[in-house]
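Student: A structural model of the following input is requested.
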Amino acid sequence: MSISLAMPITEAALFTAGCAVIHAQRGRAEQVTVALACLVVLLAFALGIASLPEGLLREQAPIAFNPDSALD
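Tutor: Numbers count the residues shown, from 1 in each chain. As a prediction, the model looks like this:
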């Protein structure tokens, strides 16, 4: 299998597995809804942090990038 096909096939497999889990848990619709909503919020935060410019991250958290700067 070509590496260029690996990502789309993986995405399709994960999507299908997610659909199967949701279908299997249809009796617990309220719990599944809450779990999916929490997952969406966590992903939104992760994407928000990942999309920040590196310079802004360095200004906001200098210790995370350079532990020696805390001693200054």
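Student: which stretches in this structure count as helices?
Tutor: Ranges of helices in the chain, per DSSP state H, are 3-24, 29-50, 54-60, 62-65.
Student: will you turn those helices into TSV that also has mean neighbour count and mean pLDDT?
Tutor: Backbone N, C-alpha and C define where each C-beta goes, glycine included. Listed next are the helices of the chain as TSV, based on neighbours: other CB atoms under 10 Å; pLDDT from 0 to 100:
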stretch	mean neighbour count	mean pLDDT
helix 3-24	10	89
helix 29-50	10	90
helix 54-60	10	67
helix 62-65	12	59
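Student: for Ala37, see how far away the residue nearest the centre of the chain is.
Tutor: With the centre of the chain defined as its mean C-alpha position, the nearest residue by CA atoms, centre = their mean is Leu43, 3.9 Å away. Per CB to CB, to the nearest Å, Leu43 is found 11 Å from Ala37.
Student: and for Pro8?
Tutor: Taking CB to CB, one finds Pro8 at 27 Å from Ala37.
Student: ok, back up a step: show me the contacts for the residue nearest to the centre of the chain.
Tutor: With contact set as CB atoms under 8 Å, 6 or more residues apart in numbering, Leu43 has no partners.
Student: any idea how far it is from Val32?
Tutor: Distance, Leu43 to Val32, using CB to CB: 16 Å.
Student: with Ala6 instead?
Tutor: Going from Ala6 to Val32 by CB to CB gives 29 Å.
Student: Cys38 now?
Tutor: Taking CB to CB as the measure, Cys38 falls 11 Å from Val32.
Student: go on, Pro8?
Tutor: Pro8 is 26 Å from Val32, where distance means CB to CB.
Student: just Gly48 next, same as before
Tutor: Distance, Gly48 to Val32, using CB to CB: 24 Å.
Student: equivalent analysis for Ala12, please.
Tutor: For Ala12 relative to Val32 (CB to CB), the value is 21 Å.
Student: what do you get for Ser51?
Tutor: Ser51 sits 28 Å away from Val32 when distances are taken as CB to CB.
Student: same question, Arg26
Tutor: Relative to Val32, Arg26 is positioned 8 Å away (CB to CB).
Student: now do Thr10
Tutor: Computed as CB to CB, the Thr10 to Val32 distance reads 23 Å.
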